[in-house]
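Engineer: 3D, please:
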Amino acid sequence: MLDNMASYVGIGCMSGSSLDGLDLCCVEFMGDRDTDVWGYRILKAETIPYDQEWTSRLAGARDLSGEGLIRLHVEYGHLLGKAIKKFIDKNKLNVEFIASHGHTIFHNPDQNYTFQLGDGETVSRYLDCPFVCNFRNKDVAFGGQGAPFVPCGEKYLFQAYDICINLGGIANIGVQGSKGYDISPCNYVLNKLAATHDASLTFDLDGQISSQGQVLNEVLKELNSLPFYSQPPPKSLGAEWIEDNVLPILDMTSYKIPDLMKTFVEHVACKLVEACETAQSIPGSQPSVKKMTVLLTGGGAFNKTLVEVFRGKLEKLGMHLEASDNDTICFKEALVFAFLGLRCIFGEHNVFKDVTGSESDSVAGSIHLPVSTANDYCITYFHKKKTLI
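Structural biologist: Next up, the predicted model:
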């Protein structure tokens, strides 16, 4: 169906709260703007791990002075711009636009602010095509949560699945692109526990540490009873909430780390299943013939212990957990932010009020043009391209 449609090649950049590194995903989108029918093909993808210095700087960014945060904002922009340019040059990529989520430092939509690191004008200094960033502020300004944004991509690119769950630093859910919200902390906590267990680790490979633990029922009960979980969506989570509400419950001086990890895995799985069960009641979400399918992506999808616990609970609901290719598992969020950037350049809605609780659907993102616009990469290129469809 998409053979005769226009093609757009871009790069999506994602840095999650788990501090795994910078995800770069070069993707080709094939589509028709008039019908909003879209497909995609990942051309090249790579995760660039942060070194120890940058991991420490990002982890401590919330404690910086105003001047220190501004300096980091610019310096991270240089880091991001250089990384993107190297990715393009190394793989000899011909891209028409780039979009970045940035790295979230503050996210307090209830207090009307959010902040993602990575100055757009600084990044664009290294590029020869439009660069789109700063996706969350407009939605927050309209009273929304500024999250999640992935449901827009799921609506147009992942229509085959009833439910999409991403296990990143924070676990979130999307239901057929119409609803979505943050479910619970995930790798943000598990990675911290793994590093505490063994300073040489940045995550729990295959869930090996958590598989050796036992569930601490009193700790699990306290986690499950946190007030956030009783709040109806739209809702979103930030690192501040996790640090203030979750980590104090996981008392590493009183319990063994493997037990805390197994308990937290059980907690995440419980909340994932509750979210999937709630999704069954959303009008139009229940297929008449086949089982509801759940697509699992994000780094947590490689945690065998978490996936096994989740799968066992999910099967009791009569739902089927879908496997996907490794690139989609690892780079789905970066891919989706590339798509959000494309829609921003087109001037088309990429944030939905029904998902975020905003007053209005909106076109989110700030567009930064390259130093030289005397080329095919200026915005007019995309508008002209519509006439070729």
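
Engineer: and the most centrally placed residue in the chain, which of the three is it?
Structural biologist: Taking C-alpha atoms, centre = their mean, the centroid of the chain lies closest to Glu333, which sits 4.5 Å from it. Following DSSP: H, G, I helix; E, B strand; the rest coil, we place Glu333 in the helix state.

Engineer: ok, now Gly177?
Structural biologist: Under three-state DSSP, Gly177 comes out as coil.

Engineer: pull the distance from the helix or strand where Cys344 lies to the chain's centre.
Structural biologist: Using DSSP states H and E, Cys344 maps to helix 326-346. Chain-centre distance of helix 326-346: 9 Å, with C-alpha atoms, centre = their mean, to the nearest Å.

Engineer: just stretch 308-328 next, same as before
Structural biologist: 19 Å.

Engineer: what sits up against that stretch?
Structural biologist: 25, 42, 45, 161, 163, 265-266, 268-270, 272-273, 276-277, 280, 291-297, 307, 335 (C-beta atoms under 8 Å, 6 or more residues apart in numbering). In this view, the C-beta of every residue, glycine as well, is placed from N, C-alpha and C.

Engineer: Asp354 belongs to a helix, doesn't it?
Structural biologist: Yes: assessed by three-state DSSP, Asp354 belongs to a helix.

Engineer: so it sits right up against Gly177, yeah?
Structural biologist: No: the criterion here is C-beta atoms under 8 Å, and Asp354 misses it with Gly177 at 10.1 Å.

Engineer: what is the mean pLDDT for stretch 49-65?
Structural biologist: Averaging pLDDT along stretch 49-65 gives 96.

Engineer: show me what counts as buried in it.
Structural biologist: For stretch 49-65, a neighbour-count test (16 or more other C-beta atoms under 10 Å) marks Tyr50, Trp54, Thr55, Arg57, Leu58, Ala61 as buried.

Engineer: redo the residues you listed as TSV? Include secondary structure and distance to His368.
Structural biologist: TSV is the format used below for the buried residues of stretch 49-65 (DSSP: H, G, I helix; E, B strand; the rest coil; distance: C-beta to C-beta, whole Å):
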residue	secondary structure	distance to His368
Tyr50	coil	23
Trp54	helix	22
Thr55	helix	26
Arg57	helix	23
Leu58	helix	22
Ala61	helix	22
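
Engineer: tell me the first helix or strand C-terminal of the longest helix seen in the chain.
Structural biologist: The helix that spans the most residues within the chain, counting by DSSP state H, is helix 66-91. Sequence-wise, the next helix or strand downstream of helix 66-91 (DSSP H and E) is strand 97-108.

Engineer: could you dump that next one to PDB, C-alpha only?
Structural biologist: Extracted C-alpha coordinates of strand 97-108, given in PDB (Å, rounded to 0.1, in the frame of the first residue of the first chain):
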ATOM      1  CA  PHE A  97      15.500  16.100   9.700                       C
ATOM      2  CA  ILE A  98      16.500  15.100  13.300                       C
ATOM      3  CA  ALA A  99      14.300  15.100  16.400                       C
ATOM      4  CA  SER A 100      15.400  14.700  20.000                       C
ATOM      5  CA  HIS A 101      13.600  14.000  23.200                       C
ATOM      6  CA  GLY A 102      16.400  15.500  25.200                       C
ATOM      7  CA  HIS A 103      17.300  14.300  28.700                       C
ATOM      8  CA  THR A 104      14.600  15.100  31.300                       C
ATOM      9  CA  ILE A 105      16.000  16.800  34.500                       C
ATOM     10  CA  PHE A 106      12.700  18.100  35.900                       C
ATOM     11  CA  HIS A 107       9.200  17.000  35.200                       C
ATOM     12  CA  ASN A 108       6.500  18.600  37.500                       C
END
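
Engineer: contact partners of whatever helix or strand comes next after it?
Structural biologist: Reading on from strand 97-108 to the C-terminus, the next helix or strand found by DSSP H and E is strand 113-117. When contacts are defined by C-beta under 8 Å, 6+ apart, strand 113-117 is touched by residues 58, 61, 72-73, 76, 101-108, 133-137, 140, 146.

Engineer: rerun that using 6 Å as the cut-off
Structural biologist: Contacts with strand 113-117, where a contact means C-beta atoms under 6 Å, 6 or more residues apart in numbering, come from His73, Tyr76, Gly102, His103, Thr104, Ile105, Phe106, His107, Arg136, Val140, Gly146.

Engineer: just the buried residues of that strand, please?
Structural biologist: Of the residues in strand 113-117, Thr114, Phe115, Gln116, Leu117 count as buried by neighbour count, 16+ other C-beta under 10 Å.

Engineer: hang on, the earlier thing: from the contacts of strand 113-117, keep the buried residues only.
Structural biologist: His73, Tyr76, Gly102, His103, Thr104, Ile105, Phe106, His107, Arg136, Val140, Gly146.

Engineer: go ahead and confirm the first one touches Asp119.
Structural biologist: So the one you mean is His73. Yes: His73 is within contact range of Asp119, at 5.1 Å (criterion: C-beta atoms under 6 Å).

Engineer: picking up where we left off before, nearest to Leu226, of the buried residues of strand 113-117?
Structural biologist: Thr114 (21.3 Å; C-beta to C-beta).

Engineer: hmm, back to that, what's the ChimeraX line that selects buried ones from the contacts of stretch 308-328?
Structural biologist: Entered in ChimeraX, the line below selects the buried ones among the contacts of stretch 308-328, by 16+ other C-beta under 10 Å:
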select :25,42,45,161,163,265,266,268,269,270,272,273,276,292,294,295,296,297,307,335
